[in-house]
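Q: Structural data only, the sequence is not supplied:
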């Protein structure tokens, strides 16, 4: 018997199978072109299969895996995209240094039962003459959109493109990027995409730090400092549940706490309406507390919905 065949005992007969056919049956399909993934999705839809989709920029961690598990639970076929989208990075941001490890990503995807990994190149998605973008009017003018004015135009554009390419029935996103999730839901509603958007709760390390691909850029001491984001949210939750209603007072307490930590620089801290993202002055109903903080050169975000 050579390396190219496998012998199996089946119903009292020995049958020789080419190993390549066995591997193809259980292997993840890697697709790099728009045409191929569109053709495959159209075929799956005609067969009546439900397509779940998890778009990512790769460097997968447990937070991404939670999305994949939800997608696996909800659909018949699970498609993962890995694409570091250049249009959502502003000048001087970390596009070139954004962590990448496709080999590890592929192995994690295999373990989670992903059927297809879509890995297009920048030229495949945008080309030389690309000139169409998706921009929302209101939701992008809050939180991260204030300091990253072009970011969500890039996010909305690439997600709209991926929806048209992959043709999913269900798409799964994490609530850690709360503003992104709100924007995608609004875009899907406004543009009448026939796609169900599912949000999955933030996955955290044992010490509370929200899982993020950017955590890999933290030095050991910075990693300890980064816990101040989650700690400040927990402290604010306790203060609200004790009866504090003044949003400005809470924000000031959070600022004092965070800037006292090593190598921190606050981008924003906001207490806002979870639906509109408009700032709230008096806390009388559930609010979103969201913040972005640089620890060293690494920009981290976190959030929590808190009821008084």
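A: Structure received. Computed from a predicted model, the values in this text were never measured in an experiment.

Q: For the stretch 1-150 of the chain, just list every one of the strands.
A: Taking DSSP state E, counting those that start in this stretch, the strands of the stretch 1-150 of the chain run over residues 5-10, 13-18, 29-31, 51-56, 77-82, 116-118.

Q: can you state the direction angle for the fifth one and strand 51-56?
A: Spelled out, that is strand 77-82. For the pair strand 77-82 and strand 51-56, the angle between their directions (axes from the mean of the first three to the mean of the last three C-alpha atoms, to 10 degrees) equals 20 degrees.

Q: Strand 77-82 packs against which elements?
A: Counting contacts by 3 or more C-beta pairs under 8 Å, 6 or more residues apart in numbering; DSSP states H and E, strand 77-82 is packed against helix 34-46, strand 51-56, helix 62-74, helix 102-111, strand 116-118, helix 151-166. No exception for glycine: its C-beta is placed from N, CA and C like everyone else's.

Q: one more time with 6 Å
A: Secondary-structure packing of strand 77-82 (3 or more C-beta pairs under 6 Å, 6 or more residues apart in numbering; DSSP states H and E): strand 51-56, strand 116-118.

Q: any idea how far residue 292 is from residue 88?
A: Using C-beta to C-beta, to the nearest Å, one obtains 15 Å as the distance from residue 88 to residue 292.

Q: ok so, going back, could you export the helices and strands packed on strand 77-82 as a markdown table, including distance to residue 184 and mean neighbour count?
A: Putting the helices and strands packed on strand 77-82 into a markdown table (distance: least, C-beta to C-beta, whole Å; neighbours: other C-beta atoms under 10 Å) gives the following:
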| stretch | distance to residue 184 | mean neighbour count |
| --- | --- | --- |
| strand 51-56 | 9 | 26 |
| strand 116-118 | 18 | 23 |
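
Q: got JSON lines for the ones you listed, with mean pLDDT too?
A: Supplementary listing: the helices and strands packed on strand 77-82 in JSON lines, determined by pLDDT from 0 to 100:
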{"stretch": "strand 51-56", "mean pLDDT": "98"}
{"stretch": "strand 116-118", "mean pLDDT": "98"}
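
Q: In TSV: those, plus distance to residue 110.
A: Written out in TSV, the entries for the helices and strands packed on strand 77-82 read as follows (distance: least, C-beta to C-beta, whole Å):
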stretch	distance to residue 110
strand 51-56	14
strand 116-118	9
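
Q: Touching, residue 76 and residue 50? I think so.
A: Yes: because the distance of 4.8 Å satisfies C-beta atoms under 6 Å, residue 76 is recorded as touching residue 50.

Q: need the contact list for residue 179.
A: Listed by C-beta atoms under 6 Å, 6 or more residues apart in numbering, the contact partners of residue 179 are 143, 144.

Q: Apply 7 Å and report the result again.
A: Residues counted as contacts of residue 179 (C-beta atoms under 7 Å, 6 or more residues apart in numbering) are 139, 142, 143, 144, 277.

Q: before we move on, what SS does residue 193 have?
A: coil (DSSP: H, G, I helix; E, B strand; the rest coil).
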